[in-house]
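Visitor: Just the structure for this:
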Amino acid sequence: MLLGSIQIMGELLSAAEVQEICESLKENGVRLLSVRGCQLSDRDFERVCRRVAESTSLAQLNLNLGVVSSISRTRLLADALRANRSLQTLFLHGSPLLDSGLLTLNTALSTHPTLVCLDLGDCMLGDKALALICGMLPPDGAKSGLRELTLSANPGISSKGWARLSIAVAHSSQLRVLNLDYNPLGDQIAGMLAVAVASSRTLEVLDLEGTNLTNQSAQVFLDMVENYPTSLRVLVLVENDISPELQQQINDLLSNGDDDDDREAPPSPQGSTHDSWPQAVTLTSSLGESLLAETEA
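Guide: Numbers count the residues shown, from 1 in each chain. Below you'll find the predicted structure:
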């Protein structure tokens with residue numbers, strides 16, 4: 001059976017429309033479900049979650065922009081994820097989860113057998129939530145973990161929290177894409193991330209757009225890519241106080257590394273919150289679709 005997708009954005013969903021979605025999920029005919037920015041009643045949200053729990057075909061679920069708007073909905077989603085065994089990509093960008101919401105979702109997320117891509121950008125998270133997320137990046141030799149993680153625009157996370165994430169990234173055996181754009185990281189945290197990138201054998205994409213960096217951070221990354229072997233293929237540094245010359249030097253070195261390795265860039269995922277990379281770093285982008293293909297292989 002050819003699996004389809006349901007993609008709706010910014011609409012008020014009627015009970016009849018929700019019924020159609022539920023029927024498609026019940027028939028296991030949906031691979032991608034996106035209701036980004038949509039409004040639906042609590043009862044209808046519960047109906048969708050019940051069908052997500054039962055689905056054996058659903059690989060990607062997009063609930064971005066406030067669909068998971070309360071702790072009661074967070075609990076319903078957690079219950080659905082605990083039962084589901086097919087989901088590989090989950091987008092919750094712009095959901096007011098807070099640390100309490102992530103705590104509610106943690107067990108379902110960390111024990112899900114197939115989840116590899118998670119977007120928790122702009123979810124009002126803090127250090128307690130980040131500690132739980134680090135548990136989803138198990139070290140070498142442990143169980144498989146996330147391959148793509150988005151934590152954009154979570155300014156409530158402290159320097160201590162970001163340092164903890166840097167350690168987890170350094171030892172993660174799976175992570176390939178890390179999006180930290182629009183967090184007030186600063187040069188100190190960027191230095192820690194550079195060490196993590198140098199230690200990681202898998203990280204290919206690091207997005208640090210708009211993270212309060214200066215030439216000091218860029219020099220550290222330049223030294224790293226010039227003098228040490230790394231899996232990094234894309235480093236996004238736009239909207240920082242960094243000279244265009246330094247950015248170009250880094251991008252040129254990463255480009256040359258790609259040429260030497262003769263590696264093909266993976267395609268962009270459907271539903272990604274990063275619709276396009278800046279022109280200087282378009283060698284690759286998120287790995288969502290390739291990750292789906294790998295898991296299904």
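Visitor: in which helix or strand would I find residue 197?
Guide: In this structure, residue 197 is located in helix 186-199 according to DSSP states H and E.
Visitor: So which elements touch the very next helix or strand once past that helix?
Guide: Note on helix 186-199: by DSSP H and E, the next helix or strand toward the C-terminus is strand 205-207. Under the contact criterion of 3 or more C-beta pairs under 8 Å, 6 or more residues apart in numbering; DSSP states H and E, strand 205-207 touches strand 177-179, strand 234-236. Every C-beta, even on glycine, is put in place using the N, C-alpha and C of the backbone.
Visitor: For the stretch 101-250 of the chain, which segments count as helices?
Guide: For the stretch 101-250 of the chain, helices defined by DSSP state H, counting those that start in this stretch occupy the ranges 127-134, 159-171, 186-199, 215-227, 244-261.
Visitor: ok, the closest residue to residue 70 other than its chain neighbours - contacts?
Guide: Setting aside the residues directly before and after it, residue 70 is nearest to residue 42 in space (C-beta to C-beta, 6 or more residues apart in numbering), at 7.8 Å. Contacts for residue 42 (C-beta atoms under 8 Å, 6 or more residues apart in numbering) come out as 70, 72-73.
Visitor: And for residue 157?
Guide: Residue 157 neighbours (C-beta under 8 Å, 6+ apart): 125-127, 129-130, 151, 183.
Visitor: so which of the residues you listed comes closest to residue 33?
Guide: residue 151 (23.0 Å; C-beta to C-beta).
Visitor: Verify the contact between the closest one and residue 121 for me.
Guide: Yes: contact between residue 151 and residue 121 holds when scored by C-beta atoms under 8 Å: they sit 6.3 Å apart.
Visitor: Need the overlap of contacts for the two.
Guide: By C-beta under 8 Å, 6+ apart, the residues touching both residue 151 and residue 121 are residue 179.
Visitor: Kindly report which one of the helices of the stretch 101-250 of the chain carries the lowest mean pLDDT.
Guide: When those are ranked by mean pLDDT, helix 244-261 comes last with a mean of 82.
Visitor: That one versus helix 215-227: what angle between them?
Guide: Helix 244-261 and helix 215-227 are oriented at 20 degrees to each other (axes from the mean of the first three to the mean of the last three C-alpha atoms, to 10 degrees).
Visitor: Helix 244-261: how far from the chain's middle?
Guide: Computed by C-alpha atoms, centre = their mean, to the nearest Å, the chain-centroid distance of helix 244-261 equals 24 Å.
Visitor: Would you mind writing the CA trace of that helix as CSV?
Guide: Only the C-alpha atoms of helix 244-261 are listed here, as CSV (Å, rounded to 0.1, in the frame of the first residue of the first chain):
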residue,chain,number,x,y,z
PRO,A,244,32.4,37.3,6.8
GLU,A,245,36.1,36.4,6.1
LEU,A,246,36.3,34.0,9.1
GLN,A,247,33.0,32.4,8.2
GLN,A,248,34.1,31.9,4.6
GLN,A,249,37.4,30.4,5.8
ILE,A,250,35.6,27.8,7.9
ASN,A,251,33.1,27.0,5.2
ASP,A,252,35.8,26.6,2.6
LEU,A,253,37.6,24.1,4.9
LEU,A,254,34.5,22.2,5.5
SER,A,255,33.7,22.1,1.8
ASN,A,256,37.2,20.8,1.0
GLY,A,257,36.7,18.1,3.6
ASP,A,258,33.5,17.0,1.8
ASP,A,259,35.3,16.9,-1.5
ASP,A,260,38.1,14.8,-0.1
ASP,A,261,35.7,12.3,1.4
